[in-house]
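Visitor: Test case, fold it:
(chains A and B)
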Amino acid sequence: MRCRHTQAKRSALRRAVRDRMSSLFAMVPALARSWFELAALVHLIAVVSLVYSGTRREAMREILYGALRSGLWISGFFVLFFVVFYLVAAWL
Amino acid sequence: MIDLRDPRLAAVLAWLIPGAGHLYQRRWPKAALFFICILGTFLYGMVLGECRVVYASWRPNDRRLQFVCQLGVGLPSLPAVVEWVRQRNGKPPLFGGCYRAPQVSGSTNIPDELDRLNRDNPLGWDLGTVYTMIAGLLNLLAIYDAYAGPAHAVPAHPGQEKRPPPRRT
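Guide: As a prediction, the model looks like this:
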């Protein structure tokens, strides 16, 4: 009896994981459709990083290095927020 | 040490054309950087919005607060002010419809030109507006840099930088 109960729980968990994964894969075409928005985002990140870094430093080498760091920070935050929002949306 | 020449003139020039203030100060690489990045973003936004996203308007159904940010780019956004004045005086457009505020109806229920522009090119309209606004805001940073120099600059007089206190043994 107990064994059957554990099996049912496992299969429910497996089904839930499969549903979540399928919803994740279902997002891929939507992401591909919105490649234009993503390209726009990359462009904006690059420009904002370069100009911000340009107002902090004077030498071009330092500006480029600072822009790379700023760009990575901004991208990191975007990825973090994407993951958090995705998990919240998936579990709601 | 960076020679800022006349900082006020540099700031005005930087507002008028992104990078012009730095060009006046002979800071060539930064002039090129700001010119390409800021003006490129502004022009790309204009292209995305089919030249209609930059306009001045203060009508009951269309208060264009975005123009305050777009005005930061300076000269490239100023034709919108000219068009606004001409439109108020009932004169024909100067730039072939560019910079002209779209027609709005008196009621929100009646579809007008602004609705059509949003419907026909929704992504381009929104992205174009955002791009031109961000270009204007970024130019404010460039103007401040032309006026006051970079935040992490080399000190004017060597030896003025803070040194750690000597360690006592």
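Visitor: what about the residue positioned nearest the centre of chain A, helix or strand, and which?
Guide: Central residue of chain A (C-alpha atoms, centre = their mean): A:Val79, 3.2 Å from the mean position. Assigning secondary structure by DSSP states H and E places A:Val79 in helix A:60-91.
Visitor: interface residues of chain A facing chain B?
Guide: A:36-37, A:40, A:43-44, A:47-48, A:50-52, A:54-58, A:60, A:63 (C-beta under 8 Å from any C-beta of the partner chain). C-betas here are computed from N, CA, C, even on glycine.
Visitor: among the residues you listed, which ones are buried?
Guide: A:40, A:44, A:47-48, A:50-52, A:54-58, A:63 (16 or more other C-beta atoms under 10 Å in any protein chain shown).
Visitor: Just put the residues you listed in a markdown table and tack on secondary structure.
Guide: Shown next, in a markdown table, are those (DSSP: H, G, I helix; E, B strand; the rest coil):
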| residue | secondary structure |
| --- | --- |
| A:Ala40 | helix |
| A:Leu44 | helix |
| A:Val47 | helix |
| A:Val48 | helix |
| A:Leu50 | helix |
| A:Val51 | helix |
| A:Tyr52 | helix |
| A:Gly54 | helix |
| A:Thr55 | helix |
| A:Arg56 | helix |
| A:Arg57 | coil |
| A:Glu58 | coil |
| A:Ile63 | helix |
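Visitor: Now for those residues: which two are most distant?
Guide: Between any two of those, the greatest separation by C-beta to C-beta is 29.8 Å, found for A:Ala40 and A:Glu58.
Visitor: In contact with residue 69, which residues?
Guide: By default, I'm working from chain A. A:Ser53 (C-beta atoms under 8 Å, 6 or more residues apart in numbering or on different chains).
Visitor: other chain: chain B
Guide: Contacts for B:Cys69 (C-beta under 8 Å, 6+ apart) come out as B:Thr132, B:Met133, B:Ile134, B:Gly136, B:Leu137.
Visitor: Give me the phi and psi for the first one.
Guide: It refers to B:Thr132. With angles defined as degrees, to the nearest 10, B:Thr132 sits at phi -70, psi -40.
Visitor: any idea how far chain A is from it?
Guide: According to C-beta to the nearest C-beta, to the nearest Å, B:Thr132 and chain A sit 12 Å apart.
Visitor: Confirm for me that that residue is in contact with B:Val54.
Guide: Yes. With contact defined as C-beta atoms under 8 Å, B:Thr132 reaches B:Val54; the gap is 5.5 Å.
Visitor: shared neighbours, the two?
Guide: Contacts common to B:Thr132 and B:Val54, judged by C-beta under 8 Å, 6+ apart, are B:Gly45, B:Met46, B:Gln70, B:Ser77.
Visitor: of these, closest to chain A?
Guide: Among the shared contacts of B:Thr132 and B:Val54, B:Gly45 lies closest to chain A (C-beta to the nearest C-beta), at 9.9 Å.
Visitor: mean confidence for the strand or helix carrying A:His43?
Guide: Per DSSP H and E: A:His43 is located in helix A:35-56. Mean pLDDT, helix A:35-56: 90.
Visitor: sorry, back to before: just the shared contacts of B:Thr132 and B:Val54: which are in helices?
Guide: Counted as lying in helices by DSSP state H, out of those, are B:Gly45, B:Met46, B:Gln70.
Visitor: so which of the residues you listed is the most crowded?
Guide: B:Gln70 (27 neighbours; other C-beta atoms under 10 Å in any protein chain shown).
Visitor: quick one: it and B:Ser77, what's the gap?
Guide: Applying C-beta to C-beta, to the nearest Å, the value for B:Gln70 to B:Ser77 is 5 Å.
Visitor: Pull up the overlap in contacts between those two.
Guide: Here B:Gln70 and B:Ser77 share the contacting residues B:Phe42, B:Val54, B:Thr132, B:Gly136, scored by C-beta under 8 Å, 6+ apart.
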